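Peer 1: Kindly generate the corresponding structure for this input.
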Amino acid sequence: MGSEEIDDALLHKITVAERQYLSLFLSSSFRERFVGRADAGVGITEARVMWELDARGPMRAGDLAEQVEVTAAAMTKALARLRDRGLVEQRADTGDGRARVAALTAAGRERADLLTAEGDRMTRRILEGWSVHERSQFATLLGRFAVGLQEYAQDEGGAQGS
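Peer 2: Sure, this is the predicted structure:
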């Protein structure tokens, strides 16, 4: 890893871009438009539940609620809607038979695939005018950034850079 100092002006430019990206990506209007374009026939919360189950596999409702950032009651309602539509099933937790986990059904996986396909279409559209080299470099750097973000999230030491 490089030991070069990070230029404050460049750091600020990156931070502003991060904020713009996150502000848009986390906005309800963006998520509604994205989910609508995916034509998966679910609302934002249900889409997030399906996305998490697709990415992480079966999960307990409490863990899902924490990941999706909704209350336990809201998660219970979302899971009931998805279960009623045949997109999610609840079954015994293999690690603890007393507990229940939510899992995508085959139909739920098909709907989750629609969300993933919309993500691919969105990314393709955004990167349309970029060169192959720029796309490759962006993928590599974004991957590195994601690893660093994960490390930051897991860091309990609170160490701060200068």
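Peer 1: Can you pull the poorly scored residue ranges out of the protein?
Peer 2: Confidence mapping of the chain against pLDDT under 70 gives the ranges 1-3, 158-162.
Peer 1: any chance you could map the strands in it?
Peer 2: Applying DSSP state E to the chain gives strands spanning 88-93, 96-104.
Peer 1: elements contacting the last one?
Peer 2: Looking back up the chat, that one is strand 96-104. Applying 3 or more Cβ pairs under 8 Å, 6 or more residues apart in numbering; DSSP states H and E, we find strand 96-104 packed against helix 44-56, helix 61-68, strand 88-93. C-beta here means a position set from N, CA and C on the backbone, and glycine is covered the same way.
Peer 1: next one: the first one
Peer 2: The helices and strands touching strand 88-93, judged by 3+ Cβ pairs under 8 Å, 6+ apart, are helix 44-56, helix 72-84, strand 96-104.
Peer 1: buried ones in the first one?
Peer 2: It stands for helix 44-56. 44-54 (16 or more other Cβ atoms under 10 Å).
Peer 1: could you list every residue that touches Q67?
Peer 2: Q67 sits next to 52, 56, 59 when contact means Cβ atoms under 8 Å, 6 or more residues apart in numbering.
Peer 1: ok, for the second one, nearest residue in space, not its chain neighbours?
Peer 2: The spatially closest residue to R56, leaving aside those adjacent along the chain, is Q67, at 7.8 Å (Cβ to Cβ, 6 or more residues apart in numbering).
Peer 1: Pull up the gap between the nearest residue to E118 once chain neighbours are set aside and A112, please.
Peer 2: Distance criterion Cβ to Cβ, 6+ apart; nearest residue to E118, sequence neighbours excluded, is A38 at 3.7 Å. To A112, A38 is 10 Å away according to Cβ to Cβ, to the nearest Å.
Peer 1: cool, R33 as well?
Peer 2: Distance from R33 to A112, by Cβ to Cβ: 18 Å.
Peer 1: more neighbours, those two?
Peer 2: Using other Cβ atoms under 10 Å as the criterion, R33 and A112 rank with A112 on top: 23 against 11.
Peer 1: Identify the residues contacting that one.
Peer 2: Neighbour list for A112: 40, 50-51, 53-54, 104 [criterion: Cβ under 8 Å, 6+ apart].
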